[in-house]
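*Asks:* Quick one, fold the following:
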Amino acid sequence: MSSSSDPKTENATDSKPLMNEPPSEKLGDSSPELGDSNSSEKLGDSSTVWKDPVESSRSPNEEEKGECSFCVYMKDGGCRESFTAWEVCMEESEKYKKEDIVTKCMEVNDKLFECMYAHFDYYKRIFPEMNKEEEISQEELAARKQAQG
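*Replies:* Numbers count the residues shown, from 1 in each chain. The predicted structure is shown next:
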């Protein structure tokens, strides 16, 4: 028998691999694979995903209700009860329209603002005009002290 170079007629004992066979060793590169549990860059790894601090501070119940970011902010600052009472008053006033909102919710509104003033460091960005007045007052106070001298 003579040896043939035709791959169809080569027997399995030849040392050359057939073209149709898969490689015997795994070929790869240095990049991590999706299934690699040692990789920190695999898809779905939350450590590589940016999260909005306001959004991530929401509780699951607030997200389900579709709570606005302003409402979440207001409730996180120490005036949760006052703000919730204000929300209820406003919703009832709009729903029933029996009374003027200003008249009906005046007391609740006053309590909310008192609470916000008590927690001014947190709520100060809601009061831009107050911040300006505070700056003017500080400047005025400094000018008076300098004049008294």
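
*Asks:* Next, count neighbours for residue 115.
*Replies:* 19 (other CB atoms under 10 Å). (Each C-beta comes from the backbone N, C-alpha and C, glycine too.)

*Asks:* Tell me who's in contact with it.
*Replies:* Counting by CB atoms under 8 Å, 6 or more residues apart in numbering, residue 115 makes contact with 78-79, 82-83.

*Asks:* Does it lie in a helix or a strand, and which?
*Replies:* Element membership of residue 115 [criterion: DSSP states H and E] is helix 106-118.

*Asks:* Also residue 123?
*Replies:* Per DSSP H and E: helix 120-123 holds residue 123.

*Asks:* Restricted to buried residues, select the contacts of residue 115 in ChimeraX.
*Replies:* Per 16 or more other CB atoms under 10 Å, the buried members of the contacts of residue 115 correspond to this ChimeraX selection:
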select :78,79,82,83
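
*Asks:* Can you give me every residue that contacts the residue lying closest to residue 90 once chain neighbours are set aside?
*Replies:* Leaving aside its chain neighbours, residue 90 sits nearest to residue 105 (6.2 Å; criterion: CB to CB, 6 or more residues apart in numbering). Residues in contact with residue 105 (CB under 8 Å, 6+ apart) are 86, 89-90, 93.

*Asks:* Then residue 112?
*Replies:* 79, 82-83, 85-86.

*Asks:* Okay, and which of these map to helices?
*Replies:* 82-83, 85-86 (DSSP state H).

*Asks:* Compile these into a markdown table and extend it with columns for distance to residue 112.
*Replies:* Listed next are the ones in helices among the contacts of residue 112 as a markdown table, based on distance: CB to CB, whole Å:
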| residue | distance to residue 112 |
| --- | --- |
| 82 | 4 |
| 83 | 6 |
| 85 | 7 |
| 86 | 5 |
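
*Asks:* out of those, who's nearest residue 144?
*Replies:* Using CB to CB, residue 82 is the member of these that lies nearest residue 144, at 35.1 Å.
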